[in-house]
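Asker: turn this into a structure:
(one chain, ligands or ions: 1)
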Amino acid sequence: MAFDTIFLNARFDSGACHHIAVKDGRIAALMPADAAATGAKTIDLDNALVVPGFVEGHIHLDTSFYGDAWRPHKPCTDGFNVHERVAFQAQNMAEAAPMEVRARNQLDLCIGHGATQMRSHVMVDGSVGLKSLETILRVREEYRDLIDIQLVAFPQSGILASPGTPQLLDQAISLGANLVGGLDPASFDRDVEKHLDAVFGVASKHGVDVDIHLHDMGTLGAFEIEQIAARTRALGMEGHVAISHAYGLGDISIDHLKTIADILARSGVAIMTNAPGARPFPPILVLRNAGVTVFSGNDNIRDSWWPYGDGDMLRRATTLGYRSGFNTDEELRVAFDVITVSGAKALRLEGYGLRVGAKADFVTLRAEHVPEAVVAAPQGRAVYKAGMLVALNGMMVGKKR
Ligand SMILES: [Zn+2]
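Answerer: Numbering: from 1, shown residues only. Coordinates of the predicted model:
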């Protein structure tokens, strides 16, 4: 077979060294490092650690101010309050740079750090209608050769609380959103069943997946998780539903947690956690040991919710490991799995991984192996999408505009 490119001397986490032969954007062969390599083009990776492209599983391309003017964080008047944060966000967005400019800034940041796959929530509600989605769809098209993006129609202002939102979610899917989202069915809309009727109604009508934001704590959050899992099973949607944040899982007794973890595993509902500071978050190992898919994302980056975020999924793995008390190599590899293989599973990505037949999406790292990469999050990365160099040392290369 004539290959398009052969990447020489790629060191895998196992320690094995390979040549990666790429044809039509996919890995066509993995050859031993002592094999003779002939192809149209060769690129010597010089024994760098090669890992699959990172899966940014939860981000908001429409609301970041990264690359725009610094916006000082405004605290809620009385603890964390989703309603109040949404109101602050509306004020900030009205004064911000155009959305497409901010979305591009954020994409460049994420790709520069090694994300080759992404799921972004985009606000769809009575206040913005489908405008944000239309903008992000255009930006997604611009970036189609650089990163694969799934978009979630996200009812940031609730579904029942924001008139017209069920219809807008339906239209959003017709327009090009890939999934339908939800937001705190109990605390925001104050009617779990009606909220889930709308979400799962749109999902089953269009045959799309579901990813619901759930900030509710303790037994209330756990109850909502049970209701979402029940809907998932009733509709035969196992493997097609995710719950983002699920903070409540970090806020209930271990026995209760194990019960919910079994329900999640049985229902094929994945959990997204970004392990944000100073909040309880889902215990990763307990969930994984029960068979639950746990994935991650950077979520908010310099937006109205918090000033943090750098778009680096490898640093997110550091945070996941640090906050989970992961120390052994095995545990550090779990943190890495969450941002790679498990992310791909939750997003149901086709052709993911360093194997023959998969998309040639990979990142080179200056690290001995994955555990060291997770603790060091080294810079000096090269990011390849479909076998093409798209970013080097954090900077985009050859980008179409
Ligand atoms: Zn979010």
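Asker: tell me the contacts of residue 332?
Answerer: The neighbourhood of residue 332, defined by Cβ atoms under 8 Å, 6 or more residues apart in numbering, consists of 321, 326, 370, 371, 374, 375. Just so you know, the C-beta spots here come from the backbone N, C-alpha and C atoms, and that holds for glycine as well.
Asker: tell me what whichever strand or helix holds residue 132 is packed against?
Answerer: Here residue 132 sits within helix 131-142, counting by DSSP states H and E. Contacts of helix 131-142 with other secondary structure elements, assessed using 3 or more Cβ pairs under 8 Å, 6 or more residues apart in numbering; DSSP states H and E, are made with helix 99-113, strand 115-123, strand 148-154, helix 165-175.
Asker: which one of the ones you listed lies nearest to residue 31?
Answerer: Put simply, out of those the one that sits nearest residue 31 is strand 115-123, at 22.5 Å, with distance taken as Cβ to Cβ.
Asker: and the angle from that closest one to strand 148-154?
Answerer: Interaxial angle of strand 115-123 relative to strand 148-154 (axes from the mean of the first three to the mean of the last three Cα atoms, to 10 degrees): 20 degrees.
Asker: let me see the domain layout of this structure.
Answerer: 5-52+353-394, 54-346 (automatic domain parsing).
Asker: what's the end-to-end length of the longest one?
Answerer: One end of domain 54-346 to the other measures 13 Å (Cα to Cα, to the nearest Å).
Asker: now the first one
Answerer: Length of domain 5-52+353-394, first residue to last, Cα to Cα: 23 Å.
Asker: what average pLDDT does it get?
Answerer: Taken as a whole, domain 5-52+353-394 carries a mean pLDDT of 95.
Asker: closest one to residue 265 out of the contacts of residue 332, please.
Answerer: Distance from residue 265 was checked for each of the contacts of residue 332 by Cβ to Cβ. The minimum falls on residue 326, at 21.0 Å.
Asker: buried ones in stretch 224-232?
Answerer: For stretch 224-232, a neighbour-count test (16 or more other Cβ atoms under 10 Å) marks 224, 225, 226, 227, 228, 229, 231, 232 as buried.
Asker: give me the element the last one is part of.
Answerer: So that's residue 232. Taking DSSP H and E as the criterion, the element that holds residue 232 is helix 218-234.
Asker: name the helices or strands packed onto that helix?
Answerer: Partner elements for helix 218-234 (3+ Cβ pairs under 8 Å, 6+ apart): helix 192-206, strand 209-214, strand 241-245, helix 254-267, strand 269-272.
Asker: can I get the ones you listed in a markdown table with mean pLDDT?
Answerer: Supplementary listing: the helices and strands packed on helix 218-234 in a markdown table, determined by pLDDT from 0 to 100:
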| stretch | mean pLDDT |
| --- | --- |
| helix 192-206 | 98 |
| strand 209-214 | 98 |
| strand 241-245 | 98 |
| helix 254-267 | 98 |
| strand 269-272 | 98 |
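Asker: which of the domains of the chain sits most buried?
Answerer: For the domains of the chain, the stretch with the most neighbours on average is domain 54-346, a mean of 20; neighbours defined as mean count of other Cβ atoms under 10 Å.
Asker: center of this protein - which residue?
Answerer: Among the residues of the chain, the one closest to the centroid is residue 57, at 0.9 Å (Cα atoms, centre = their mean).
Asker: Provide the secondary structure category for that residue.
Answerer: Classification of residue 57 into helix, strand or coil gives strand, according to DSSP: H, G, I helix; E, B strand; the rest coil.
Asker: run through the residues that contact it.
Answerer: Shown in contact with residue 57 (Cβ under 8 Å, 6+ apart): 118, 119, 272, 295, 296, 297, 343, 346, 347.
Asker: return the member of those residues nearest to residue 202.
Answerer: residue 119 (17.1 Å).
Asker: list the beta-bridge partners for the closest one.
Answerer: For residue 119, the beta-bridge partners under DSSP bridges are residue 150.
Asker: how near is residue 179 to residue 329?
Answerer: If you measure residue 179 against residue 329 using Cβ to Cβ, to the nearest Å, the figure is 34 Å.
Asker: swap in residue 261?
Answerer: In this structure, residue 261 and residue 329 are separated by 24 Å, where distance is defined by Cβ to Cβ.
Asker: residue 324 touches residue 335, doesn't it?
Answerer: Yes - if you go by Cβ atoms under 8 Å, residue 324 and residue 335 touch, sitting 7.3 Å apart.
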